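Novice: got a predicted structure plus its sequence, pasted below:
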Amino acid sequence: MSEEQGGAGGSFEERLDAARDRHGLDRAASAERGAGEPPEGANPMAVGLRVGVELVSALVVALAIGYGLDRWLHTRPLFLILFVMLGGAAGVLNVWRLFAPRGGGSSRGTG
Amino acid sequence: MAAEKSTIDALGQFHLDTGLGAIGRSVNFANSNIMMVVAAALVLLALHYGMRRRAVVPGRLQALAEIGYQFIHDMCVEQIGEEGKRFFPFVFALFFFILIGNLIGLFPYFFTFTSHIAVTAALAVLVIVLVTAVALRIHGLHFFSYFWPEGAPVVLAPLIVPIEIISYISRPVSLSIRLFANMTAGHVMFEVFATFMLMLVGALGAFGYVLALGPLVINVALMGFEVLVAFLQAYVFAVLTCIYLHDAVHLH
C-alpha cells in the first residue's frame, strides 16, 4: 500500500496542481495572500462603511477621553475641544493605516 | 394573514426577553444567552462528531471540521507569523462563535446575539485586553514605545502620543461597531421590506398581493447578501484580531 502511494505521489501532486489551476483555486488563494487585508477592496460600499466606522470610532474615543478629563479637572470645554481635534487626526491615521501598504520595515505607516 | 400594521417596528426584533421560563427570569437568562449557548454547542457538536471517525478520506462533517481548522490555522500563521500558532485556539473559537451567531440569526424565531453592541463590545474588549497583555508579556515596558514612531521630532511628542493612544483605544470601538452595525442593518432591512409586504396587502387588497412580490424578491436577494455578510464580518473580526496580535508580537 505504501509502495503504491509512493509511486503515485509525484504524479498525483502534478495532477492535483493541474486540477487546482484549472479550477482557479490557487489564483484565489494567492490573491488573498497578497492583499494581507480583509478582502473588502472589491466592494466600494464595504470600504466606505469601514472608513466611516474608523473615523467615527476614533472620534468617539477622543470625545469620551475629553469629556472624562473635563469632568475630573472641572475645565469644561478645554479638553473636549482639544481631544475632538486629536480624535479627528487619529481617525485619519486609522484610515491611513487601513490603506497604507503593509509589509517591509515601515509596516505600520508612520508608526 | 393580511394584518394591518400602520408603523414599521424595525427594532422590536432586537428586544431582549428572558428565556427558560421561571428559572431564566429569576437569573436574567435572556434569549440572547440561549442563542450563545446554542452557537457554542453547535460548534462543539460539529467538531466532536466531525472528528470522531478520523477517516483518511473525510466525510462531509469531517471535511467541514478540517477545512475550518486549516482556514484559521493558515490565517494565524499568515498574519501573525510562526508565533501565531499559539493564538490559534483563541482565534478559532472567536471566529466560529461569531460566524454561527451571525448565521443562526438568519433563521426565523432565532435571535441574533451579534446584533447587540453589548455582546460585540465585550468580544472586542476581550480581544484588545488579550492583545495588550500579550504585548506587555513579550516586550515588557518596551511596549509603550508602540505609541512613539521612531525618528519623529521630539517637539511633536505631545501631539503624536495622544493621537497614537486614541488610535489604539479606538480599535475595540471600531471592531465592535462594525460587527454590530452590519448585523443590525441587515436585520432592520429584512423587517422593513417584510412590513412593506403586509402594508401593501393591507392597503390595496388583491392588487397588493401582486405588488407585494417586489419586496418579497428583494428579501430573497437580501437573504443571500446577509449570508455573505455573516461570513465576511466573522472573517474581518478574526483577521483584525490576527493583525492586532501581529502588532503585539512584533511591535513595529
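Specialist: Perfect, thanks for sending it.
Novice: which residues of chain B lie near chain A?
Specialist: Chain B has residues B:78-79, B:146, B:149, B:152, B:159, B:162-164, B:166-167, B:169-170, B:173-174, B:177-178, B:181-182, B:232, B:235-236, B:239-240, B:247, B:252 near chain A, with proximity defined as C-beta under 8 Å from any C-beta of the partner chain. The way it works is simple: take the backbone N, C-alpha and C, and place the C-beta from them, glycine included.
Novice: and residue 39, what pLDDT?
Specialist: In the absence of a named chain, this looks at chain A. Note for A:P39: predicted pLDDT of 47.
Novice: ah, no, chain B please
Specialist: B:A39 carries a pLDDT value of 93.
Novice: surely it meets B:F95?
Specialist: No: using C-beta atoms under 8 Å, B:A39 is not in contact with B:F95; the gap is 11.9 Å.
Novice: hmm, back to that, from the residues of chain B next to chain A, which ones fall inside helices?
Specialist: B:78-79, B:159, B:162-164, B:166-167, B:169-170, B:173-174, B:177-178, B:181-182, B:232, B:235-236, B:239-240, B:247 (DSSP state H).
Novice: among those, name the buried ones.
Specialist: The neighbour count (16 or more other C-beta atoms under 10 Å in any protein chain shown) marks B:79, B:162-164, B:166-167, B:169-170, B:173-174, B:177-178, B:181-182, B:232, B:235-236, B:239-240, B:247 as buried among these.
Novice: CA-only coordinates of stretch B:219-232, as CSV, when you get a sec.
Specialist: What follows is stretch B:219-232, C-alpha atoms only, in CSV (Å, rounded to 0.1, in the frame of the first residue of the first chain):
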residue,chain,number,x,y,z
ASN,B,219,-35.9,40.0,0.7
VAL,B,220,-34.9,36.8,-1.0
ALA,B,221,-31.9,38.6,-2.6
LEU,B,222,-31.2,40.2,0.7
MET,B,223,-31.0,36.8,2.4
GLY,B,224,-28.2,35.8,0.1
PHE,B,225,-26.4,39.0,0.8
GLU,B,226,-26.8,38.5,4.5
VAL,B,227,-25.2,35.1,4.4
LEU,B,228,-22.3,36.7,2.7
VAL,B,229,-22.2,39.5,5.3
ALA,B,230,-22.3,36.9,8.1
PHE,B,231,-19.2,35.1,6.8
LEU,B,232,-17.4,38.4,5.9
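Novice: just the buried residues of that stretch, please?
Specialist: B:N219, B:L222, B:E226, B:V229, B:A230, B:L232.
Novice: in JSON lines: the residues you listed, plus distance to B:R54 and secondary structure.
Specialist: Shown next, in JSON lines, are those (distance: C-beta to C-beta, whole Å; DSSP: H, G, I helix; E, B strand; the rest coil):
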{"residue": "B:N219", "distance to B:R54": "42", "secondary structure": "helix"}
{"residue": "B:L222", "distance to B:R54": "40", "secondary structure": "helix"}
{"residue": "B:E226", "distance to B:R54": "35", "secondary structure": "helix"}
{"residue": "B:V229", "distance to B:R54": "34", "secondary structure": "helix"}
{"residue": "B:A230", "distance to B:R54": "30", "secondary structure": "helix"}
{"residue": "B:L232", "distance to B:R54": "32", "secondary structure": "helix"}
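Novice: where's residue 89, which helix or strand?
Specialist: All of this refers to chain A. Assigned by DSSP states H and E, A:A89 falls within helix A:76-99.
Novice: please go with chain B instead
Specialist: Per DSSP H and E: helix B:88-104 holds B:P89.
Novice: with just CA atoms, put that helix into PDB.
Specialist: The C-alpha coordinates for helix B:88-104 follow below in PDB (Å, rounded to 0.1, in the frame of the first residue of the first chain):
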ATOM      1  CA  PHE B  88      -4.900  29.600  17.100                       C
ATOM      2  CA  PRO B  89      -7.400  28.300  19.700                       C
ATOM      3  CA  PHE B  90      -8.500  31.800  20.600                       C
ATOM      4  CA  VAL B  91      -8.900  32.900  17.000                       C
ATOM      5  CA  PHE B  92     -10.700  29.700  16.100                       C
ATOM      6  CA  ALA B  93     -13.200  30.000  19.000                       C
ATOM      7  CA  LEU B  94     -13.800  33.700  18.200                       C
ATOM      8  CA  PHE B  95     -14.300  33.200  14.500                       C
ATOM      9  CA  PHE B  96     -16.700  30.200  14.800                       C
ATOM     10  CA  PHE B  97     -18.700  31.700  17.700                       C
ATOM     11  CA  ILE B  98     -19.300  34.900  15.700                       C
ATOM     12  CA  LEU B  99     -19.900  33.000  12.500                       C
ATOM     13  CA  ILE B 100     -22.500  30.700  14.000                       C
ATOM     14  CA  GLY B 101     -24.100  33.600  15.900                       C
ATOM     15  CA  ASN B 102     -24.400  35.500  12.600                       C
ATOM     16  CA  LEU B 103     -25.800  32.600  10.700                       C
ATOM     17  CA  ILE B 104     -28.400  31.200  13.200                       C
END
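Novice: show me what it is packed against.
Specialist: Judged by 3 or more C-beta pairs under 8 Å, 6 or more residues apart in numbering or on different chains; DSSP states H and E, helix B:88-104 is in contact with helix B:31-51, helix B:60-80, helix B:117-139, helix B:213-250.
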